[in-house]
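# Fold the following and give me the result.
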Amino acid sequence: MPSFHASMGNLQIARARWRQPRPWRSPAESKMIQHFVYLWLTCRDRSRPSGRQWARKLSISHTWLQVLVRAFKDPSVRAYFEQKHRSWTPRSADLTRAQADTERMRAKGMLRCK
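This next block holds a predicted model:
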């Protein structure tokens, strides 16, 4: 059984070497996904697609869509998002541009590989 001091020393070494993992997508694409999820959440149309279909169109998992929806259910987050982005409606061209930024960043090694 290793001693307490040896274990604590190993833990300090591991913490010193740890670094935050690289993100999966660019910040611009993350913001666009948040905008589109919020747009889907606030839509009251009868032809609104299901969460899984919407997630598939955005190239995200339905689990991540549910995480974002839960975050928007918090009144403070929702009020902040509404106040900051009230006059702007996302377009599919904006999402395409953000996805191109993600691919450029991934090619440079700034993001995780798929």
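
# alpha carbons only for contacts and neighbour counts from here, please
Noted.

# Please, where are all the helices along this structure?
Applying DSSP state H to the chain gives helices spanning 4-17, 27-42, 51-58, 62-73, 75-84, 92-107.

# Show me what the first one is packed against.
Helix 4-17 makes packing contacts with no helix or strand when contacts are defined by 3 or more Cα pairs under 8 Å, 6 or more residues apart in numbering; DSSP states H and E.

# Contacts for it, please.
By Cα atoms under 8 Å, 6 or more residues apart in numbering, no surrounding residue is in contact with helix 4-17.

# Out of the helices of the chain, which gets the lowest mean score?
Lowest mean pLDDT within the helices of the chain: helix 75-84, at a mean of 74.

# rewinding a little: the helices of the chain: which one's closest to residue 113?
Between residue 113 and these, the tightest spacing by Cα to Cα is seen for helix 92-107, at 6.7 Å.

# list the helices and strands the closest one packs on?
By 3+ Cα pairs under 8 Å, 6+ apart, helix 92-107 packs against helix 27-42.

# As CSV, the helices of the chain with mean neighbour count and distance to residue 113 would be great.
What follows is the helices of the chain, written out as CSV (neighbours: other Cα atoms under 10 Å; distance: least, Cα to Cα, whole Å):
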stretch, mean neighbour count, distance to residue 113
helix 4-17, 10, 21
helix 27-42, 17, 15
helix 51-58, 16, 18
helix 62-73, 15, 18
helix 75-84, 12, 30
helix 92-107, 16, 7
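
# How about exporting stretch 47-67 as CSV, limited to the C-alpha atoms?
As requested, the backbone C-alpha atoms of stretch 47-67 are provided in CSV (Å, rounded to 0.1, in the frame of the first residue of the first chain):
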residue,chain,number,x,y,z
SER,A,47,-45.1,22.1,-37.4
ARG,A,48,-42.2,22.5,-35.0
PRO,A,49,-39.8,19.5,-35.5
SER,A,50,-39.0,17.2,-32.6
GLY,A,51,-35.9,17.7,-30.5
ARG,A,52,-34.1,14.9,-32.1
GLN,A,53,-34.8,16.1,-35.6
TRP,A,54,-33.7,19.7,-34.7
ALA,A,55,-30.5,18.3,-33.1
ARG,A,56,-29.8,16.3,-36.3
LYS,A,57,-30.2,19.4,-38.4
LEU,A,58,-27.8,21.3,-36.2
SER,A,59,-25.3,18.4,-36.1
ILE,A,60,-25.4,18.0,-32.4
SER,A,61,-26.7,15.2,-30.1
HIS,A,62,-30.2,15.4,-28.8
THR,A,63,-28.6,15.2,-25.3
TRP,A,64,-26.8,18.4,-25.9
LEU,A,65,-30.0,20.0,-27.1
GLN,A,66,-31.6,18.9,-23.8
VAL,A,67,-28.8,20.4,-21.8
